[in-house]
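Student: sequence unknown, structure follows:
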């Protein structure tokens, strides 16, 4: 069987480019006992992938040069040599940027059957998948918001940010988003129900962004779910109340180049802040509780989300580079089937 | 009665200088009901005082211009109009930089009787006082060290740092100090029992300090008790193991001038670090437990400390400026009686 896949052709020197990727056609060997062959219907594109394209110390091993880009996928079993899976099963796993993927299905956590009768298959890569659990975990385990507190989240219209604000609202908080562009901000407030959203593209410098944040969070900021880093984090830090909590989920503004310093770390001391970095995949014990809440909210229409869909495997690199620039609007997916 | 005191004459423009202080002689009014008059035997000088000399948002209200410098003191009651205190009692409180101080003794936490029969009076301003409790709190409540882990502390020969390392050793950790000068480092290892101590004055740039830290902490760093900030924090962060904890107690390197950025905040994410700022005075409920351990260790000679003693009220400003430059060696005190 023929498989088409996108591999990491070279590591980015600074900003990632299309040249870093290569489309390959390869022959698939026959399945071994315990393996399952899955046709990927959806590829998930996520900011963390940019960090894995680099060499060096990070939270995940670097993506192998010449190997298929690693990533979450949702699809359908087309052949199975494992008793728990049969053709037609809808499954979620880390199938990577390719049309079909072989899973060693016996290993725990590698492949998970899902029910797409109520929740669309693609949502298992977004609101009811890794991004949703990421939002849930940073909010409930690090920010631990109390009703009446103000929670700020950057990249607020994205897969993670949109869930953060809605989960915060469900807990009685004021939810303030930061997003790039008037259309995204309108969506965050009008559709997702945040109390306010700041368009960082309309507030380009520190003082302008700080003034907008003051207006949007008149009681100051108690919790910050940070997806972006750089100047946005610097501004939010200056508005944080004593004993504020910062869940550090991503720093996408620095992924594509030189490290960006934190301007005023002394605020962490003077405001007695807690800042904690976390990776959702390292806390698997919490996933069932998170997925239960997220699945329930999506099934009942209380947790809204939006998808940016690129079509065809060839579109994945361009869509991924767009994601790093904030050109997506909601969860970035690639539709293969 | 005549009182002599040192007041804040002006706020520092950048580095604090002697001109920021002024010695005054004032008349004391008669005691009111509920008040206690204390002769200060010891003044405590502490780095946090530098932050209070500035205007603007910090964890404590700025020190009043023209008012006596605020600070911890230990002394003896010489007159009392409160039933719980009588002349001759040894007491600890926030008496400020002056020879005698009037306390409203009925307010909780304002004045505490201590027993100086086993533990010297001055130790209640150091190892069995605010600095010791600070060490205990950051270590046990934020770093939460496990036996076998490596804990690094900057300003390791100081009042807080020396306790941090000894408490970490008592919990089965490897304790690594950072201090300025060969004599301080020798004291930290030979007298206090740390496993290693790095002389930052002998390792002036990032790479040299990083190499020294690698050698001193071959298993990486799990806990960092940060008193200094700036380049020292930047270096330690690059050596932290996944899930490391940073107790942010002070950033003395930045107190005296412009804010110092944090070079690589992305490490907080990639290493999933927790960083938390704290102020010991905001967690009074923990003091009894901390003081019990600290007092027991000092009384039995298991917790060692050292004092830098300046003599006479007039010496306080110069001693304080020296403290900011690391010229003290151990807890900085001013002896008045």
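Tutor: Looks like it came in fine. The model shown is predicted, which means the values in this text are computed figures rather than measured ones. Numbering: from 1, shown residues only, chains lettered A, B, ... in the order given.

Student: contacts and neighbour counts: CA atoms only from here.
Tutor: Noted.

Student: what about residue A:141, neighbour count?
Tutor: 12 (other C-alpha atoms under 10 Å in any protein chain shown).

Student: which SS state does it fall under?
Tutor: Assigned by DSSP: H, G, I helix; E, B strand; the rest coil, the conformation of residue A:141 is helix.

Student: Tell me the spacing between it and chain B.
Tutor: According to C-alpha to the nearest C-alpha, to the nearest Å, residue A:141 and chain B sit 12 Å apart.

Student: what do you get for residue A:333?
Tutor: 24 Å.

Student: Provide the backbone phi and psi angles at the residue positioned nearest the centre of chain A.
Tutor: With distances taken as C-alpha atoms, centre = their mean, residue A:131 lies nearest the centre of chain A, 4.3 Å away. Torsion angles at residue A:131 (phi, psi; degrees, to the nearest 10) stand at phi -60, psi -40.

Student: Show me what from chain A comes close to chain B.
Tutor: A:57-59, A:248-251, A:254, A:259-266, A:268-279 (C-alpha under 8 Å from any C-alpha of the partner chain).

Student: any idea which helix or strand comes after the strand or helix carrying residue A:288?
Tutor: Here residue A:288 sits within helix A:287-299, counting by DSSP states H and E. Moving toward the C-terminus from helix A:287-299, the next helix or strand (DSSP H and E) is strand A:307-311.

Student: What residues sit buried inside that next one?
Tutor: By neighbour count on 16 or more other C-alpha atoms under 10 Å in any protein chain shown, the buried set for strand A:307-311 is A:307, A:308, A:309, A:310.

Student: Quick check, pLDDT for the third one.
Tutor: By that I understand residue A:309. Note for residue A:309: predicted pLDDT of 97.

Student: show me the contacts for it.
Tutor: By C-alpha atoms under 8 Å, 6 or more residues apart in numbering or on different chains, residue A:309 lies in contact with A:332, A:333, A:334, A:335.

Student: Would you tell me which one of those comes nearest to chain B?
Tutor: Nearest to chain B, judged by C-alpha to the nearest C-alpha, of the contacts of residue A:309 is residue A:332 at 22.2 Å.

Student: Tell me what the closest one is bridged to.
Tutor: residue A:308 (DSSP bridges).

Student: for chain A, what helix or strand is lowest in average pLDDT?
Tutor: Within chain A, no helix or strand scores below helix A:48-52, which has a mean of 90 by mean pLDDT, DSSP states H and E.

Student: For residue A:261, grab phi and psi.
Tutor: The phi/psi pair for residue A:261 (degrees, to the nearest 10) is phi -70, psi 160.

Student: Pull the number of nearby residues for it.
Tutor: Neighbours around residue A:261, by other C-alpha under 10 Å: 19.

Student: And the pLDDT at it?
Tutor: With respect to pLDDT, residue A:261 scores 95.

Student: which stretch of helix or strand covers the residue lying closest to residue A:271 once chain neighbours are set aside?
Tutor: In space, residue A:271 comes closest to residue A:242 once its chain neighbours are excluded; the distance is 4.5 Å by C-alpha to C-alpha, 6 or more residues apart in numbering or on different chains. Element membership of residue A:242 [criterion: DSSP H and E] is strand A:240-248.

Student: got it, and residue A:177?
Tutor: strand A:174-179.

Student: elements contacting that strand?
Tutor: With contacts taken as 3 or more C-alpha pairs under 8 Å, 6 or more residues apart in numbering or on different chains; DSSP states H and E, strand A:174-179 sits against strand A:150-154, helix A:159-170, helix A:182-186, strand A:196-199.

Student: Redo these as a markdown table? Include mean pLDDT, mean neighbour count and distance to residue B:181.
Tutor: Shown next, in a markdown table, are those (pLDDT from 0 to 100; neighbours: other C-alpha atoms under 10 Å in any protein chain shown; distance: least, C-alpha to C-alpha, whole Å):
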| stretch | mean pLDDT | mean neighbour count | distance to residue B:181 |
| --- | --- | --- | --- |
| strand A:150-154 | 98 | 29 | 44 |
| helix A:159-170 | 97 | 26 | 48 |
| helix A:182-186 | 97 | 18 | 55 |
| strand A:196-199 | 98 | 23 | 50 |
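
Student: still on that earlier bit, so how far is chain B from the residue nearest to the centre of chain A?
Tutor: For residue A:131 relative to chain B (C-alpha to the nearest C-alpha), the value is 16 Å.

Student: tell me the contacts of that residue?
Tutor: Residue A:131 sits in contact with A:125, A:159, A:160, where contact means C-alpha under 8 Å, 6+ apart.

Student: what about the residue nearest to residue A:271, distance to residue A:262?
Tutor: 19 Å (C-alpha to C-alpha, to the nearest Å).

Student: Check residue A:315 too.
Tutor: Distance, residue A:315 to residue A:262, using C-alpha to C-alpha: 35 Å.

Student: So which of those two has more stuff around it?
Tutor: For residue A:315 versus residue A:262, neighbours defined as other C-alpha under 10 Å are more numerous around residue A:262 (20 against 14).

Student: if I pick that one, what's in contact with it?
Tutor: Taking C-alpha under 8 Å, 6+ apart as the test, what residue A:262 contacts is A:230, A:233, A:234, B:261, B:262, B:263, B:264, B:265.

Student: how about 7 Å then?
Tutor: A:230, A:234, B:261, B:262, B:263, B:265 (C-alpha atoms under 7 Å, 6 or more residues apart in numbering or on different chains).

Student: Show the backbone phi and psi for it.
Tutor: phi -90, psi 130.

Student: From residue A:256, how far out is it?
Tutor: Taking C-alpha to C-alpha, one finds residue A:262 at 17 Å from residue A:256.

Student: same question, residue A:290
Tutor: 31 Å.

Student: Next: residue A:230.
Tutor: For residue A:230, the distance to residue A:256 - C-alpha to C-alpha - is 12 Å.

Student: One more: residue A:75?
Tutor: Relative to residue A:256, and taking C-alpha to C-alpha, residue A:75 is found at 30 Å.

Student: Check residue A:99 too.
Tutor: 27 Å.

Student: give me the low-pLDDT residue ranges for chain A?
Tutor: Within chain A, the segments meeting pLDDT under 70 span A:57-60.

Student: Break it into its domains for me.
Tutor: A:2-126+A:306-335, A:130-281 (automatic domain parsing).

Student: So what would you say the end-to-end distance of the first one is?
Tutor: Domain A:2-126+A:306-335 has an end-to-end distance of 19 Å (C-alpha to C-alpha).

Student: Could you do the last one as well?
Tutor: Across its full length, domain A:130-281 reaches 8 Å between end residues, using C-alpha to C-alpha.

Student: chain center to that domain, what's the gap?
Tutor: In terms of C-alpha atoms, centre = their mean, to the nearest Å, the gap separating the centre of domain A:130-281 from the centre of its chain is 14 Å.

Student: What angle do strand A:150-154 and the strand holding residue A:242 make with each other?
Tutor: 40 degrees (axes from the mean of the first three to the mean of the last three C-alpha atoms, to 10 degrees).

Student: Strand A:240-248: partners in the sheet, and parallel or antiparallel?
Tutor: Strand pairing (DSSP bridges) places strand A:240-248 next to strand A:221-226 (parallel), strand A:274-277 (parallel).

Student: Quick one: residues in contact with the shortest one.
Tutor: Spelled out, it's strand A:274-277. So strand A:274-277 is contacted by A:244-249, B:268-269, B:272-277 (C-alpha under 7 Å, 6+ apart).

Student: if we go to 10 Å?
Tutor: For strand A:274-277, the surrounding residues in contact (C-alpha atoms under 10 Å, 6 or more residues apart in numbering or on different chains) are A:138, A:142-143, A:223-226, A:242-250, A:268, B:142, B:242-248, B:266-278.
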